[in-house]
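**Student:** coords below, sequence missing:
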Ligand SMILES: [Ca+2]
Ligand SMILES: [Ca+2]
């Protein structure tokens with residue numbers, strides 16, 4: 001993927017000759033992301049108006065020299081903007097653009113967007129080609145505060161979206177102390193499927209890491225209200241449900257969480273895991 005910044009020569013000249021405080025709107029700059037796969041060329045462009053404002057987000061797809069898609073990407077506010085590579089979000093270090101997500105030989109066009117704000121939210125628009133109509137149709141998938149990494153688990157040529165269950169943000173503690181169970185998604189012919197349970201090794205490693213995180217926090221000292229461990233234990237337990245090991249998970253929680261509010265915390269956690277579908281699907 002190439003990321004290029006197009007400064008019109010004329011604008012550069014203006015920048016060089018007038019004092020900075022006169023610039024204002026004139027400092028808007030176009031940014032373009034382009035990628036080519038075979039005879040398909042996709043281009044995402046947008047205008048950066050100022051630090052946190054963007055406009056004119058536009059997607060073009062050219063197939064064999066023919067422009068089959070050229071449309072404005074509708075967003076809800078001027079703060080929304082494409083997620084660009086190397087953005088500080090840990091899940092957005094690499095932002096794929098043209099990628100065959102379901103191994104049918106046809107690359108999908110992936111547009112990552114960020115709504116702005118301190119944490120929330122990122123989402124993907126995924127466009128797939130409809131050969132009969134010679135056009136594209138898209139779905140939207142929400143990632144919440146997090147995002148994803150595209151990884152080919154099982155090395156079968158079909159990438160998985162390695163993500164997290166963002167419903168755990170703020171649920172049991174502050175955002176900074178929140179932890180999340182693993183969530184894996186796969187795209188297939190216009191649908192996103194939660195395939196987390198198909199990768200128990202990944203879930204196991206994830207749960208193991210959460211338990212390590214819990215032990216580290218415990219060594220440093222659990223605070224009086226348990227706010228620095230409620231989040232990590234909730235996420236750990238959810239992973240254990242994904243593994244079909246909820247009995248073992250509950251036993252561990254009951255051993256390690258001994259604060260006065262334990263029965264309320266456990267009860268809230270049980271209800272939350274029911275409402276989010278973890279306990280219904282336990283085996
Ligand atoms: Ca495809
Ligand atoms: Ca795979």
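**Tutor:** Arrived safely, thanks for sending. Worth saying up front: this structure is predicted, and the values here are computed from it rather than measured. Numbering: from 1, shown residues only. Ligands and ions are numbered 1, 2, ... in the order given.
**Student:** in which helix or strand would I find residue 273?
**Tutor:** Applying DSSP states H and E as the criterion places residue 273 in helix 262-275.
**Student:** same question for that helix, mean pLDDT?
**Tutor:** For helix 262-275, mean pLDDT is 98.
**Student:** which helices and strands sit right next to that helix?
**Tutor:** helix 230-242, helix 246-256 (3 or more Cβ pairs under 8 Å, 6 or more residues apart in numbering; DSSP states H and E). C-beta here means a position set from N, CA and C on the backbone, and glycine is covered the same way.
**Student:** one more pass at 7 Å, please.
**Tutor:** Helices and strands touching helix 262-275, by 3 or more Cβ pairs under 7 Å, 6 or more residues apart in numbering; DSSP states H and E, are helix 230-242.
**Student:** with adjacent residues omitted, what lies nearest to residue 168?
**Tutor:** Once flanking residues are discounted, residue 168 sits nearest to residue 180: 4.8 Å by Cβ to Cβ, 6 or more residues apart in numbering.
**Student:** what residues are bridge-paired with residue 141?
**Tutor:** In this entry, residue 141 is beta-bridged to residue 124, by DSSP bridges.
**Student:** same check on residue 42?
**Tutor:** With DSSP bridges as the rule, residue 42 is bridged to residue 35, residue 61.
**Student:** nearest to ligand 2 within the stretch 1-150 of the chain, name that residue for me.
**Tutor:** residue 103 (8.8 Å; Cβ to the ion).
**Student:** quick one: buried residues of stretch 260-277?
**Tutor:** 265, 266, 269, 272, 273, 276 (16 or more other Cβ atoms under 10 Å).
**Student:** near the residue nearest to the second one when sequence neighbours are not counted, how many other residues are there?
**Tutor:** Nearest non-adjacent residue to residue 266, counting by Cβ to Cβ, 6+ apart: residue 253, 7.0 Å away. Using other Cβ atoms under 10 Å, residue 253 has 20 neighbouring residues.
**Student:** looks like residue 253 contacts residue 238 (just checking).
**Tutor:** No - contact criterion Cβ atoms under 7 Å: residue 253 and residue 238 do not qualify, at 11.3 Å.
**Student:** tell me the secondary structure for the residue most central in space within the chain?
**Tutor:** Residue closest to the average C-alpha location in the chain (Cα atoms, centre = their mean): residue 147, at 1.4 Å. Using DSSP: H, G, I helix; E, B strand; the rest coil, the structure places residue 147 in coil.
**Student:** just confirm it contacts residue 122, I think it does.
**Tutor:** Yes - Residue 147 lies in contact with residue 122 (Cβ under 7 Å); the separation is 4.8 Å.
**Student:** which parts of the stretch 101-250 of the chain sit against ligand 1?
**Tutor:** Contact residues (Cβ under 5 Å from the ion) of the stretch 101-250 of the chain with ligand 1: 102, 104, 106.
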